[in-house]
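Asker: Dropping the sequence and predicted coords here.
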Amino acid sequence: MKTLRDAQVGQTVKVVRLHGEGAVKRRIMDMGITRGVEVTVRKLAPLGDPIEVTVRDYELSIRKADAEMIEIE
Amino acid sequence: MDKKIRIALAGNPNSGKTTLFNKLTGSNQFVGNWPGVTVEKKEGRLIVDKDVILTDLPGIYSLSPYTLEEVVARNYLIEEKPDAILNIVDATNLERNLYLTTQLTELGIPVVIALNMMDLVRRAGDSINVRELSKQLGCKIVEISALKGDGVEDAARTAIDAAKNGKTIPQHRFSGPVEHALAHIEEVTVHDLPEERQRWYAIKLFERDEKVMESLHLSDEVKAHIERDIQAAEKELDDDAESIITNERYVCIGELLKGIYKKKGKGQLSVSDKIDRIVTNRVLALPIFVLVMWLVYALSMGAPIGGGGISIGTALTDWTNDVLGGAWLQEGSRALLESWNVAPWLVGLISDGILAGVGAVLGFVPQMLVLFLLLCILEDCGYMARIAFIMDRIFRKFGLSGKSFIPMLVGTGCGVPGVMATRTIENERDRRMTIMTTTFIPCGAKMPIIGLIAGALFGGSTWVATSAYFIGIAAIVLSGIMLKKTKMFAGDPAPFVMELPPYHLPAWSNVLRGAWERGWSFIKRAGTVIVVSSIVIWFLTGFGFVNGKFGMVKDLYKDESLVNDAYTAQVAERMGIPEDEVEPMDDSLLARIAQPVSIIFKPLGFGDWKPTAATVTGLVAKEEVVANFGIMYAYDDKDGEEELEENGNQIWDRVAEDFNAFSGGHGKLAAYAFMIFNLLCAPCFAAIGAIKREMNSRKWTWFAIGYQCCFAWVMAFIVWQLGRTFAGGMSAVGLTLALVMLALILWQLFKPYQEAQKLTVK
């Protein structure tokens, strides 16, 4: 399974589905990362984590551990 | 009498909500906290109609039951049932903003949308068909520019109208299987509730929202029934119910915006993107961050203008302390009161007790105002979120947030603004943890203590001061790791996704108001605490029983019928000092109290009344520790010829002698333990006041103070007992206990930890 964590900086990927449950999953979805949406990985933080992505026309920071829950095409 | 209209202001963070709130209410605001939590609550009266109360809800993205802000907002909307919701929507970020709108329209409360930043949308060449959007959402929309104030009045009036006779019926529909399940759920559970609320409850039940389930007290039979409906939908749509709803909301919004929102084309880098390419660049981010932090520090608390630095704050603070506080308030009042022939003790109380205390508080104010101003600018322009982005990796290991860095940096100057700076941390757990640990960092007022110990016992070695910072940082790291595994903290999930809002110029009205609000809350709260505690300490050091007679000890010692040789011998015996060193102070209430209390510090190596008394008075202000050493080690500055140096170097020899005496020859070790305890124990009353204000809970305040004191004691204990063992003065019991404590700490540090998934807040 490929996840958002595996995506390279500059890559635009499509979300297939979200794994996990409860608060973490809900929060990611609340912020607009839902099935079928396109996510562009913008950059890595200077210390290597978290990553910055563009989703639904705005910038979002997300930890790598959480990006692992997001399955991509 | 007609009922007052209440309107709630809801919207995403960074949507211009604060600006709009300020524009709508002007100066008629009341700032407080939502009951029992650290989330700030603001209310105000509308300028256009003073009878309407506007409540500013926390900035939220959703009405999920998982974050504190959302729960607070949700509870208010459901339990307090405001007459209308004014929902501010950022037109430049329509999809995500409308996600909250779809949830608000389901509540059965009339919703009016204030569509903010339409000017920016137009400037980008995009267009939004507002009339169609209004129809599709089922609520009125007013275009505004919160920053310029355009359309703000109109929005207020439309909201008032809606409160009086509006109705919002949600227009968006979910997919077939979901609607089917919702209809069933409505029928079996909530048909006796008011019609306009049924849909919201049904959706929450479908999502298996535990908080709603509890509040409805459903029978097991009904629960089983709706569970079947939910599972049917889940099976058909291949996802869990909660995700289905979230997903479909975004799908609905996507559909709805299709003909309404026209984008001119994308791919263009915005100004904000260009700034971010530099500011959060992998190579440049850290140097820029250091520079920004240095600037904040240098401008607010560094060396003053005219003193080799650039700090406006320090320059003003020095002036306030020396001129306004010292000369005018303290000396001026003394001269005035004496000219009125007021009783000397009353002059002392007012000038040395109350006004000196008030002066100490006032002295902080200029530095704090400058500091808060800068922090508000960082917050408002969008850089604060980048700080969290840059620092997250380091701080989250200790149960803290990337934003915890700021309070800690500020804390090196003064713990009070440090604690208050925690307000920008979103997650309540991180915020509480930061509040508890910020004062471990040695603040400016603890420097003299370090100077005294380093000078008196370590020959002025610089490693003492360096080690003090390491101790502070280590205390934060250890506490963070240990505390995040405790029950108190384990309950809440950490934040993990955060918006990085576009940079924009700070709105000056917001920034100034924000800085003033924090400054004023400090003056009010810490001020009252400081005044009361100053009076208490003044009383305890000045008064006492001399040979059975109560009064000001200084005056009583002049009476030779009371203080005879036999009595002096008795005092000397009690305090364990030579007879010729007996002073009025030895009979003060403070000495009497400190003497038995010093037992607590016996296992730390400094169980003598003098360091004990100094530690206790350090609660008023940490500067008092050295000042009190000066008084207790009989440094005579009463003629005012020479002032006691900040690090007390005139008394170094006597302090060293004394520490060596009562610690059985391990003076250095005892002094170091003393320093550790004073660095880590409860901060001064002003900081405790700030902790209480930010925790907004008696329980948490006591927990914080108690934890700090215990932690300080244990650390000093371990250092003293282990150190003494190596120095050849082992105590078997002490060493065993120290090793047990060490083992417990290590166990807590290394035991496995599982991040919680649920929020425990009711």
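Answerer: That came through, no problem. Not measured: the values here are computed from a predicted model.
Asker: So for stretch B:250-265, mean pLDDT?
Answerer: On average, the pLDDT along stretch B:250-265 is 89.
Asker: Buried residues, it. List them.
Answerer: Using 16 or more other Cβ atoms under 10 Å in any protein chain shown as the test for burial, stretch B:250-265 gives B:250, B:251, B:252, B:253, B:254, B:256, B:257, B:260, B:261. (C-beta placed from N, C-alpha, C; glycine too.)
Asker: in what helix or strand does the fifth one lie?
Answerer: When secondary structure is defined by DSSP states H and E, residue B:254 falls within helix B:241-257.
Asker: tell me what that helix is packed against?
Answerer: helix A:22-30, helix B:94-104, helix B:130-137, helix B:176-185, helix B:195-206, helix B:220-237 (3 or more Cβ pairs under 8 Å, 6 or more residues apart in numbering or on different chains; DSSP states H and E).
Asker: what's the following helix or strand after it?
Answerer: Sequence order places strand B:261-262 as the next helix or strand after helix B:241-257, per DSSP H and E.
Asker: what's the distance between residue B:340 and chain A?
Answerer: 63 Å (Cβ to the nearest Cβ, to the nearest Å).
Asker: And for residue B:478?
Answerer: With Cβ to the nearest Cβ as the criterion, residue B:478 and chain A are 21 Å apart.
Asker: I figured that residue hits residue B:750, correct?
Answerer: No: counting by Cβ atoms under 8 Å, residue B:478 does not reach residue B:750; the two are 11.6 Å apart.
Asker: now the helix holding residue B:254 against helix B:195-206, angle please.
Answerer: Computed by axes from the mean of the first three to the mean of the last three Cα atoms, to 10 degrees, the angle separating helix B:241-257 from helix B:195-206 equals 130 degrees.
Asker: re earlier: compare residue B:478 and residue B:750 (neighbour count), which wins?
Answerer: residue B:478 (18 against 9; other Cβ atoms under 10 Å in any protein chain shown).
Asker: How about the residues of chain A by chain B?
Answerer: Taking Cβ under 8 Å from any Cβ of the partner chain as the measure of proximity, chain A contacts chain B at A:17-18, A:21-32, A:34-35, A:37, A:43-50, A:52, A:56-63, A:65-66.
Asker: Residue 55 bridge partners, please.
Answerer: The chain I'm using is chain A. residue A:39, residue A:58 (DSSP bridges).
Asker: Let me rephrase: I mean chain B.
Answerer: residue B:8, residue B:43.
Asker: From residue B:26, how far out is it?
Answerer: Noted for residue B:55: a distance of 16 Å to residue B:26, by Cβ to Cβ, to the nearest Å.
Asker: Please apply the same query to residue B:34.
Answerer: Distance of residue B:34 to residue B:26, computed by Cβ to Cβ: 23 Å.
Asker: Give me the more crowded residue out of the two.
Answerer: Ranked by neighbour count (other Cβ under 10 Å), residue B:34 and residue B:26 place residue B:34 first, with 19 against 11.
Asker: What does the pLDDT read for the more buried one?
Answerer: We have a pLDDT of 82 for residue B:34.
Asker: swap in residue B:561?
Answerer: Reported pLDDT at residue B:561 in the predicted model: 84.
Asker: How many residues are close by residue 63?
Answerer: In the absence of a named chain, chain A is used. 21.
Asker: that's the other chain; I wanted chain B
Answerer: By the criterion of other Cβ under 10 Å, residue B:63 has 22 neighbours.
Asker: Give me the pLDDT for it.
Answerer: 93.
Asker: And the one 5 residues further on, by the same measure?
Answerer: Looking at residue B:68, its pLDDT stands at 81.
Asker: Backbone dihedrals for it, please?
Answerer: Backbone torsions for residue B:68, taken as degrees, to the nearest 10, come to phi -60, psi -50.
Asker: From residue B:401, how far out is the residue nearest to it when sequence neighbours are not counted?
Answerer: With Cβ to Cβ, 6 or more residues apart in numbering or on different chains as the criterion, residue B:68 has its nearest non-adjacent residue at 4.6 Å, and that residue is residue B:428. As judged by Cβ to Cβ, residue B:428 and residue B:401 stand 11 Å apart.
Asker: Residue A:65 now?
Answerer: The separation that residue A:65 has from residue B:401, given Cβ to Cβ, amounts to 15 Å.
Asker: One more: residue B:750?
Answerer: Per Cβ to Cβ, residue B:750 is found 23 Å from residue B:401.
Asker: just residue B:567 next, same as before
Answerer: Distance, residue B:567 to residue B:401, using Cβ to Cβ: 59 Å.
Asker: Residue B:481: what's it in contact with?
Answerer: Residues in contact with residue B:481 (Cβ atoms under 8 Å, 6 or more residues apart in numbering or on different chains) are B:397, B:398, B:399, B:748, B:749.
Asker: number of nearby residues for the closest residue to residue A:73 other than its chain neighbours?
Answerer: Distance criterion Cβ to Cβ, 6+ apart; nearest residue to residue A:73, sequence neighbours excluded, is residue A:14 at 4.6 Å. Residues near residue A:14, counting by other Cβ under 10 Å, number 11.
Asker: got a pLDDT number for residue A:14?
Answerer: Model confidence at residue A:14, given as pLDDT, is 96.
Asker: From what I see, it and residue A:71 are in contact.
Answerer: No: between residue A:14 and residue A:71 there is no contact under Cβ under 8 Å: 10.1 Å.
Asker: hey, what's in contact with both of the two?
Answerer: Contact criterion Cβ under 8 Å, 6+ apart; residues shared by residue A:14 and residue A:71: none found.
Asker: Just the buried residues of the contacts of residue B:481.
Answerer: B:398, B:399.
Asker: Tell me what the closest residue to residue A:31 other than its chain neighbours is bridged to.
Answerer: Distances taken as Cβ to Cβ, 6+ apart place residue B:497 nearest to residue A:31, at 5.2 Å, with adjacent residues excluded. Counting by DSSP bridges, residue B:497 is bridged to residue A:62.
Asker: give the contact list for residue B:497.
Answerer: Per Cβ under 8 Å, 6+ apart, neighbours of residue B:497: A:27, A:28, A:31, A:60, A:61, A:62, A:63, A:66.
Asker: With residue B:543 instead?
Answerer: Going by Cβ under 8 Å, 6+ apart, residue B:543 touches B:550, B:551, B:552, B:553, B:588, B:589.
Asker: per the record, what domains does chain B have?
Answerer: Split into domains by automatic domain parsing, chain B comes to B:5-165, B:176-262, B:508-750.
Asker: out of the ones you listed, deepest packed?
Answerer: For the domains of chain B, the largest average neighbour count (mean count of other Cβ atoms under 10 Å in any protein chain shown) is found in domain B:5-165, namely a mean of 20.
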